[in-house]
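> have a look at this prediction, sequence included:
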Amino acid sequence: MSKIDYVVMAIFAVLILSIGMAFTRKGSKSSSSFFEAGGETPWWINGLSLFISYFSAGTFVVWGSIAYKYGLVSNGIQISMALAGFFVAIFIAGKWKKIGAVTAAEYIGKRFGVKPQQFYTILIMLYSLFSTAAVLYPVGKMVNVVTGLPINACILVIGAIIILYTAAGGLWAVLVTDVVQFVILTAAVFIVIPLAIQHVGGMQNFTSKAPPDFFNFLNSEYSIGFFLAFTAYQTVYIGGNWAYVQRYTSVSSVPNARKVAYLFTGLYLISPFIWMLPPMIYRVLNPNLTGLQAEGAYMLICQQVLPAGLIGLVLSGMVSATASKANTTINLVAVVFAHDVYKKIIRPGASEKNLIAAARFFTVLFGTLTILIAMMVPLVGGIVEMVLSTASIAGGALFAPIIWSLYSKKQTASSIVLASLAGLIISLFFKLLAPGLLGIKLSRVWETALGVCIPLIILAVTELVNKAQPVPLEIASFDQSDKSQTKTSSGEIHEQAQQQNIFGIKVIAISIGIVGVGVFILGTIAHQGSVAMIVGGIIAMAFLPIWRAAIKIQKSII
């Protein structure tokens, strides 16, 4: 990389950090502001945040590696995510808003009691450590590939920046930086694609020189069985992951919660066909990557086709995507710790100031542990193995029982804990012990199916043998009709939430304007920078309608 690339990366890092720090006061006025951004955030902000949080730079390393090796198989895998998002939009997202809880942990506590709440809180925190590390490592890998800096140093610096602004601004800082990071990432990818196509000699040359079966959506490892099992897993993950539940509960109504998931679905249906082109093209340009080298395919093609300055922009976009995924999970764990552990167990009489301080402390602690685990990823066989194995072992076991309980009065604390424990223990046995003890190594299909099906089977049996269980009134009262399911708030609280919305949207508008101008300037000074100039101009023009949206809300409350 050239000096200008480092300058570009530094500028965008300062921008993201500044955005997050801008909410230090706004996000700290109350625990509601810090934990749920006032509870009435615009659905499109939450939808973009959900998408970019889910996408992350890990997508470019994990699915980019698969795209390099197998082509459209990576798109087939990601279509399962769009399908899962559709199911969540129809059946799950609105249900989370209906129950009226700030967090999934709060719902578990009200429905099943303190001990199940503590059980799941501990497991979710452990799971979140590994899932967040699984997105910090890929971006460290990317920066390492491009700059030659030690990968652990890259992970440390990126992680520290994420921890700093997440601790400062709470959920609003996470949401707004997510939207801006989505814009940066989109700009970066739309600049890479035409230059990559030009470099390979056009689409026709690319398709004619691609390996056999490169444009099939399925193969022997990622078969239709894997697709169906992975869709089931993604449904419970998108619908039940505590970090994503925040996106459904922090909007103003049940319909808006559904819109969050519908926006995620639409973006995931389209974006993989755009995002995965560069590593597929690189397979034609350089078919010699082996093993873990394929994890760097995306950045290698960026280095090959992009002029100075634009490499820094692309890398900034991918760092931003990772920051989005990591800040979402870190914020969630901090909120759960402060709201459902610190307040209810450690210090029941904690003030608003104490709660926010506790959340900030745990943000730093959890973020630090995540950085340390991310540094150990190579020891477990690489990022692809870690991501898919963690998903297959823990995803269904942790999230499926809670989602099921949203719809069933027959589930008890014992039944959901049993479903989770059985799923975890059996999956871990077949992953870690069965190959040595029994000589059995499950395929990717069976590994994923097992992790989802074991909890579902136990839950189904419970449905048959249990009589209807009484549901606490504070939960049941939210389950009457769509008209009564939206939590109403006092005029003062509503006005405070609207003021936060206005501030947040204005910060988004200004930040996007700065990004657009910055990308345009890069295009003017870069060799072959015309595409960057066009992309930057389009982004800069988005400032006006977003700013007008904020003014419209402002006028409505005057």
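Yep, that arrived. Numbering: from 1, shown residues only.

> residue ranges with poor pLDDT in the stretch 351-500 of the chain?
378-391, 468-496 (pLDDT under 70).

> what do you get if the cut-off is 80, keeping everything else the same?
Residues of the stretch 351-500 of the chain that meet the criterion pLDDT under 80 lie in 351-353, 356, 359, 376-395, 432, 442-445, 447-448, 467-500.

> my read: residue 370 touches residue 137, true?
No. Taking contacts as CB atoms under 8 Å, residue 370 lies outside contact range of residue 137: 10.0 Å. Yep, even glycine has a C-beta here, placed from its N, CA and C like the rest.

> neighbour-wise, which of these two wins?
residue 137 (31 against 27; other CB atoms under 10 Å).

> these two touch, right, that one and residue 377?
Yes. Counting by CB under 8 Å, residue 377 is a contact partner of residue 137 at 4.1 Å.

> for residue 151, give me its contacts.
Residues near residue 151 by CB atoms under 8 Å, 6 or more residues apart in numbering: 137, 140-141, 143-144, 375.

> same thing but at 6 Å, please
Applying CB atoms under 6 Å, 6 or more residues apart in numbering to residue 151 gives the contacts 140, 144.

> any idea how far residue 411 is from it?
Counting by CB to CB, to the nearest Å, the separation of residue 151 from residue 411 is 44 Å.

> ok, residue 111 next?
Distance, residue 111 to residue 411, using CB to CB: 9 Å.

> what does residue 106 give?
Taking CB to CB as the measure, residue 106 falls 17 Å from residue 411.

> compare those two (neighbour count), which wins?
Counted by other CB under 10 Å, residue 106 and residue 411 do not tie: residue 411 has more neighbours, with 23 against 19.

> can I assume that one is in contact with residue 405?
Yes. The pair residue 411 / residue 405 is scored as a contact, 4.4 Å apart, by CB atoms under 6 Å.

> tell me the helix or strand right after the longest helix belonging to the chain.
Looking across the chain with DSSP state H, the single longest helix is helix 151-200. Next along the chain after helix 151-200, taking DSSP states H and E as the criterion, comes helix 203-209.

> which elements pack onto that following helix?
Helices and strands touching helix 203-209, by 3 or more CB pairs under 6 Å, 6 or more residues apart in numbering; DSSP states H and E, are helix 277-285.

> the helix it packs on - what's its average pLDDT?
Averaged across helix 277-285, pLDDT comes to 92.

> now the element after it, going C-ward?
Following helix 277-285 in sequence, per DSSP H and E, is helix 297-305.

> that next one: which residues count as buried?
For helix 297-305, burial by neighbour count (16 or more other CB atoms under 10 Å) applies to 297-302, 304-305.

> check stretch 93-112 too.
93-112.

> please apply the same query to stretch 1-19.
Quick answer for stretch 1-19 (16+ other CB under 10 Å): 1, 4-5, 8-9, 12-13, 15-17, 19.

> show me what contacts residue 293?
So residue 293 contacts nothing (CB under 6 Å, 6+ apart).

> nearest residue to the residue in the chain sticking out farthest from the centre other than its sequence neighbours?
Distance from the C-alpha centroid of the chain, by CA atoms, centre = their mean, peaks at residue 467 (37.7 Å). Excluding the flanking residues, the one nearest residue 467 by CB to CB, 6 or more residues apart in numbering is residue 410, at 7.2 Å.

> ok, that neighbour to residue 22 distance?
According to CB to CB, residue 410 and residue 22 sit 48 Å apart.

> which of those two has more residues huddled nearby?
A side-by-side neighbour count of residue 410 and residue 22, using other CB under 10 Å, places residue 22 first with 22 against 17.

> contact partners for that one?
By CB under 6 Å, 6+ apart, the neighbours of residue 22 are residue 507.

> gap between it and residue 511?
9 Å.

> what about residue 328, which helix or strand?
Secondary structure (DSSP H and E) places residue 328 in helix 310-336.

> whichever helix or strand comes after that helix vs helix 151-200, what angle?
With elements assigned by DSSP H and E, the helix or strand that comes after helix 310-336 is helix 352-374. Helix 352-374 and helix 151-200 are oriented at 70 degrees to each other (axes from the mean of the first three to the mean of the last three CA atoms, to 10 degrees).

> which elements pack onto helix 352-374?
Using 3+ CB pairs under 6 Å, 6+ apart, helix 352-374 is in contact with helix 31-36, helix 114-147, helix 151-200, helix 310-336.

> mean pLDDT lowest where, among the ones you listed?
Mean pLDDT is lowest for helix 31-36 among those, at a mean of 55.

> neighbours around residue 433, how many?
11.

> keeping just the C-alphas, turn the helix or strand hosting residue 464 into PDB.
If you go by DSSP H and E, residue 464 is part of helix 444-465. C-alpha atoms of helix 444-465 as PDB (Å, rounded to 0.1, in the frame of the first residue of the first chain):
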ATOM      1  CA  ARG A 444     -21.000 -30.300   7.000                       C
ATOM      2  CA  VAL A 445     -24.600 -31.200   6.200                       C
ATOM      3  CA  TRP A 446     -25.100 -33.500   9.200                       C
ATOM      4  CA  GLU A 447     -23.100 -31.300  11.500                       C
ATOM      5  CA  THR A 448     -25.400 -28.400  10.800                       C
ATOM      6  CA  ALA A 449     -28.600 -30.500  10.800                       C
ATOM      7  CA  LEU A 450     -27.700 -32.100  14.100                       C
ATOM      8  CA  GLY A 451     -27.200 -28.800  15.800                       C
ATOM      9  CA  VAL A 452     -30.600 -27.500  14.700                       C
ATOM     10  CA  CYS A 453     -32.700 -30.700  14.900                       C
ATOM     11  CA  ILE A 454     -31.700 -32.000  18.400                       C
ATOM     12  CA  PRO A 455     -33.200 -29.000  20.200                       C
ATOM     13  CA  LEU A 456     -36.300 -29.000  17.900                       C
ATOM     14  CA  ILE A 457     -37.000 -32.700  18.500                       C
ATOM     15  CA  ILE A 458     -36.900 -32.200  22.300                       C
ATOM     16  CA  LEU A 459     -39.100 -29.200  22.100                       C
ATOM     17  CA  ALA A 460     -41.600 -31.100  19.900                       C
ATOM     18  CA  VAL A 461     -41.700 -34.000  22.400                       C
ATOM     19  CA  THR A 462     -42.300 -31.400  25.200                       C
ATOM     20  CA  GLU A 463     -45.300 -30.100  23.300                       C
ATOM     21  CA  LEU A 464     -46.800 -33.500  23.200                       C
ATOM     22  CA  VAL A 465     -46.300 -34.500  26.900                       C
END
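
> contacts for it next, please.
221, 223, 225-226, 229-230, 232-233, 392-393, 396-397, 400-401, 404, 410, 415, 418-419, 422-423, 426-427.

> among those residues, the buried ones, what's the PyMOL command?
In PyMOL syntax, the buried subset of those is picked out as below (16+ other CB under 10 Å):
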select buried, resi 223+226+229+230+232+233+392+393+396+397+400+401+404+410+415+418+419+423+426+427
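
> in stretch 445-460, what counts as buried?
Counting neighbours by 16+ other CB under 10 Å, stretch 445-460 gives 445-456, 458-459 as buried.

> of all those, which comes closest to residue 237?
residue 452 (9.7 Å; CB to CB).

> how far away is the closest one from residue 228?
Taken as CB to CB, the span from residue 452 to residue 228 is 10 Å.

> how about residue 16?
38 Å.

> now residue 548
45 Å.

> between these two, point out the one with more neighbours.
With neighbours defined as other CB under 10 Å, residue 548 and residue 228 compare such that residue 228 has more, 16 against 12.

> other residues contacting the helix or strand hosting the more buried one?
Assigned by DSSP H and E, residue 228 belongs to helix 224-240. Residues from elsewhere that reach helix 224-240 (CB under 6 Å, 6+ apart): 80-81, 83-85, 87-88, 92, 218, 244, 395-396, 399-400, 402-403, 444-445, 448-449, 452.
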